[in-house]
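Trainee: Pasting the sequence and the predicted model now:
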Amino acid sequence: MRPIEDTYRHKGLRNKLVDTIREKGITDQKVLQAISGIPRHFFLDSAFDELAYEDRAFPIGEEQTISQPYTVAYQSQLLEVKPFEKILEVGTGSAYQACVLATMGAQVFTIERQRKLFDNNKQFQHLQKYPSIKFFYGDGYEGLPTFAPFDKVIITAAAPTIPSKLIDQLKTGGMMVIPLGAGEVQQMMRITKLENGTVQEEVFDHFSFVPMVVGKKN
Ligand code: SAH
């Protein structure tokens, strides 16, 4: 069961979480405000009611996780989100990251490859507060050609290589934030698509994500 009450205690825990993330180096005010406003415990089973505000990843079923808040904040900060930007997210999972981006003013197109997780979000009442998020069941490696081009792409699963179709679906000057690597640990990268069709790569810290898997799962 999901919790439905957001109490002062939850808000207090959320403020502490924001302090923790700020101390770890997140400076983007829009990111910090989004995290302070979103009831993360709603995205988890009620068994995690208070744990939800620890800076940790937690299971959401189907061997997947809701990313650690610091990781969500880190990727969101690298994206340099501006109001009304079109952002493609690969790996909807709990939909928490999508809600952070929507709260920052983006129009979010999010894809999940697992039918069960996609269906869970259809039943999740709280998401009705985010009309700027569109949910898709599909393979993130294919992206969403019908809705392209995007200002930004965020990958929230470990990608062994940079998915070329997603670079194609980026606007010129657009950016992709992606944890790159086939092993246990990945390197956070920011890829900017340049005028002449080439890309510029920036390298950031190491993180550990669940793998980005090819194809849909029913
Ligand atoms: N952004 C999520 C993190 C979820 S973990 C959140 O905020 O909770 C990564 C998710 O990516 C998992 O749900 C997994 O099923 C999904 N995934 C992995 N490979 C994928 C692919 N090729 N296309 C779409 N989703 C994928």
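Mentor: In hand now; what should we look at?
Trainee: what's the single longest strand in the chain?
Mentor: Secondary structure of the chain read by DSSP state E shows that its longest strand is strand 170-180.
Trainee: Next one: the closest residue to residue 73 other than its chain neighbours from the ligand, what distance?
Mentor: With C-beta to C-beta, 6 or more residues apart in numbering as the criterion, residue 73 has its nearest non-adjacent residue at 4.5 Å, and that residue is residue 26. The way it works is simple: take the backbone N, C-alpha and C, and place the C-beta from them, glycine included. Between residue 26 and the ligand the computed distance is 16 Å (C-beta to the nearest ligand atom, to the nearest Å).
Trainee: Which secondary structure elements does the lengthiest helix in the chain sit against?
Mentor: Once the chain is assigned using DSSP state H, the helix that runs over the most residues is helix 8-23. Using 3 or more C-beta pairs under 8 Å, 6 or more residues apart in numbering; DSSP states H and E as the contact definition, the elements that helix 8-23 packs against are helix 29-37, helix 69-79.
Trainee: Can you name the element that comes right after the one helix or strand residue 110 maps to?
Mentor: Taking DSSP states H and E as the criterion, residue 110 maps to strand 107-112. Sequence-wise, the next helix or strand downstream of strand 107-112 (DSSP H and E) is helix 115-122.
Trainee: Who are the packing partners of that next one?
Mentor: Looks like helix 115-122 contacts strand 58-61, strand 133-137 (3+ C-beta pairs under 8 Å, 6+ apart).
Trainee: Including distance to residue 88 and mean pLDDT, could those go into CSV?
Mentor: Below are these laid out as CSV (distance: least, C-beta to C-beta, whole Å; pLDDT from 0 to 100):
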stretch, distance to residue 88, mean pLDDT
strand 58-61, 21, 94
strand 133-137, 9, 98
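Trainee: Tell me which of those lies nearest to the ligand.
Mentor: Among the helices and strands packed on helix 115-122, the nearest to the ligand by C-beta to the nearest ligand atom is strand 58-61 (6.4 Å).
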